[in-house]
Each structure stands twice: as structure tokens, then as C-alpha cells.
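Q: Need a 3D model of the following:
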Amino acid sequence: MRIAESELIINPDGSAFHIHLKPEELADLVILVGDPGRVDMIGEYLSDTEFRHASREFVSITGKYNGKRLTVLSTGIGTDNCDIVMTEMDALANIDFGTREPKETLRQLTILRIGTTGAIQPDIPLGSPIFSYYSVGCDGLMNWYADRDKITDAEMEEAFKTHVKWDKNLPSPYFVKASEDLAARFEDCSVKGVTISAPGFYGPQGRVVRLGLAMPGMLDLYESFRFREFRITNFEMESSAVAGLARHFGHKAGTICCAVANRYLKSSNPDYKSQVRSLVELSLDRLTR
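A: Down below sits the predicted model:
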């Protein structure tokens, strides 16, 4: 099936429309970050750097760590940006840009998002790495794709919606599991997380500045939710799109974040960059060992 020019836009230089990577430039191992500036920070650890591309919030480099080739790519903020990045990365891996047809043999990417987050449980100290074993999409993105229920945990979703008294005007939340392989790599050095991926920083994460909330008590309800051995651990804004689209495409993906705030304790650490650097070092080691 040939994919039309309007559905997959390819730049004149043969690169993907938004992220400006060419098929041969994408490694099988990918680190995603939100902040474009963090790409260069991670790049300090790489050898044999092949290039540096920058277009809007999408900055990328490919190089080697421990002898393994990897790509570092920034997404900017939000699941809408991750929809772009994940789809274009899969196209680079699995669409022939010459014929515009899917390849007969598909590549499987391993994708780790490294970011910052706000914990919501009182026993999670600032600086803790939280691996998103489940990502909870409160953005509605996966609901736009066919077969959404094949990649989600329906029982957990229903229990969550009932417990928090989910507002009917909000997008239906979806629960997506991370790659079991990636989860195992970080099991002994991180908090086992269930991460709320919110479509905004203020109201969708329970912050009140001037506007009221559709679910005023949601932070307490999130904190008290329990299902099997799981509890909601933290907020961020990208992991559900990364996990959900990876499941659909057949890639392995997960998210690990440094807790720079604790919403339950109303505490934060604005001087968190050294902790993020430590998390980057840990992640590079676990991904390439």
C-alpha cells in the first residue's frame, strides 16, 4: 500500500517532515527527552557523533555509547508532540521513503524517554527515579487510533474511573504498560511507577492559579487509588503517547523520570540538574550494558 504524499510528508532532502532525520540516521536505540537543551547534555557522553539536526523543538544527534549506536531526540512538551515524533520515527524505520510502502521486514526500536516529574505519594523522596511501569493517558490520544483496547488494561481503567469519579466531559483515560524488557533493566534502581500523563501543566495536574478544576479533589483521589499492587506515583506529560504508540507499532518503550517535586508534600527542588545528569548516566549504562 503506497502512502500518499499528504499523509507522510518527506522533505526535499529525504528527511521526515518535522524531526528532519533521514532513515539511515536513526539508530535502533533511541533516547527521547522533552527539553531540546538536554540533547546536547547527553551528547557529551557520546563518541563518534554523526550529526546534529535542529528544527523547532526537535533536536537530534546520533552517536555511540559503550560501543552501541543510539539516537537522542527531543520532543518538546506534550503528547501531541510525541504523536509526531513516534509516528515519524516508525516511518523512518519501517517505510521505504523511495516507494512510500511499508517494508517487508520491520525494525523494532528500543525507546526510553528520560524526563522530570512531580511525585504524588508522600514516601517518594525528591530526586527519586520513577520508571513508568504503566502510563495513564488523560490526553485522549490513543482514542483516535483503531484497536485502542488491544494495547490497554480495561479493568484497571474502569477501576480508576470509578475511584476518582471521572468527569464525563474529559477524554476517557487509558492505561498502557511499558516494555517488560525495559522495566526489568530499571527494576532494582527505581520506583515502580504508574504515571499520569496529563495534557497540561496546570489544571490537568490539579494546580489552581485563577481557574477552578472540573474534579476539585482529584489529587487526593489519585493518591489514594490502589489496583492490584499498583498506585499512582507521579505526573508528567508525555509517557502515555510514547508507551501507547510503541505498543501499536511493535516497538519497545518506557519512561523514567527524576522526581523534582512532590505534590503531596508541596515541596520541590528547582536545582535538579545534577540529579537529572545522574539519571542520564544510569540510563545510558542500563541501556547499553
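Q: Next up, the contacts around the most centrally placed residue in the chain.
A: Taking C-alpha atoms, centre = their mean as the criterion, Ser239 is the residue nearest the geometric centre of the chain, at 3.0 Å. Residues counted as contacts of Ser239 (C-beta atoms under 8 Å, 6 or more residues apart in numbering) are Arg113, Gly115, Ser132, Ser135, Thr195, Ser197, Thr255, Cys257. Every C-beta, even on glycine, is put in place using the N, C-alpha and C of the backbone.
Q: so Glu57 makes contact with Thr75?
A: Yes. Between Glu57 and Thr75 there is a contact under C-beta atoms under 8 Å: 7.1 Å.
Q: Which one of the two is surrounded by more residues?
A: Set side by side, Glu57 and Thr75 show more neighbours around Thr75, with 28 against 18, by other C-beta atoms under 10 Å.
Q: And the more buried one, how far from His248?
A: Distance, Thr75 to His248, by C-beta to C-beta, to the nearest Å: 17 Å.
Q: Ok, Ser74 next?
A: Applying C-beta to C-beta to Ser74 and His248 gives a distance of 22 Å.
Q: and Asp90, what helix or strand is that in?
A: Using DSSP states H and E, Asp90 sits within helix 79-94.
Q: what are the pairing partners of the very next helix or strand once past that helix, and which direction each?
A: Where DSSP H and E defines the elements, the next helix or strand beyond helix 79-94 is strand 95-96. Sheet partners assigned to strand 95-96 using DSSP bridges are listed as strand 101-102 (antiparallel).
Q: Relative to Ser6, how far out is the residue nearest to the centre of the chain?
A: Distance, Ser239 to Ser6, using C-beta to C-beta: 30 Å.
Q: got it, and Arg113?
A: Counting by C-beta to C-beta, the gap from Arg113 to Ser6 is 29 Å.
Q: Tell me the buried residues in stretch 96-116?
A: Buried residues in stretch 96-116, counted by 16 or more other C-beta atoms under 10 Å: Phe97, Arg100, Leu109, Thr110, Ile111, Leu112, Arg113, Ile114, Gly115, Thr116.
Q: about what we covered before: go ahead and name everything in contact with the helix holding Asp90.
A: Against helix 79-94 from outside (C-beta under 8 Å, 6+ apart): 8, 16-19, 21-23, 25-26, 30, 32, 57-58, 73, 75, 97, 102-103, 106-107, 109, 111, 137, 139, 141, 197, 199, 237-238, 240-242, 245-246, 249, 251.
Q: what's the answer for stretch 56-72, then?
A: Contacts of stretch 56-72 with the rest of the structure, by C-beta under 8 Å, 6+ apart, involve 18-21, 25-31, 33, 36, 39-40, 42-43, 45-54, 73-77, 81, 85, 284-285, 287-289.
Q: how long is it end to end?
A: 15 Å (C-alpha to C-alpha, to the nearest Å).
Q: before we move on, the earlier item: I'd like to know which of the contacts of helix 79-94 are buried.
A: The buried subset of the contacts of helix 79-94 - by 16+ other C-beta under 10 Å - is 16, 18-19, 21-23, 25-26, 30, 32, 57-58, 73, 75, 97, 109, 111, 137, 139, 141, 197, 199, 237-238, 240-242, 245-246, 249, 251.
Q: gap between stretch 72-85 and the chain center?
A: 8 Å (C-alpha atoms, centre = their mean, to the nearest Å).
Q: For stretch 254-269, measure first residue to last.
A: End-to-end distance for stretch 254-269: 24 Å, by C-alpha to C-alpha.
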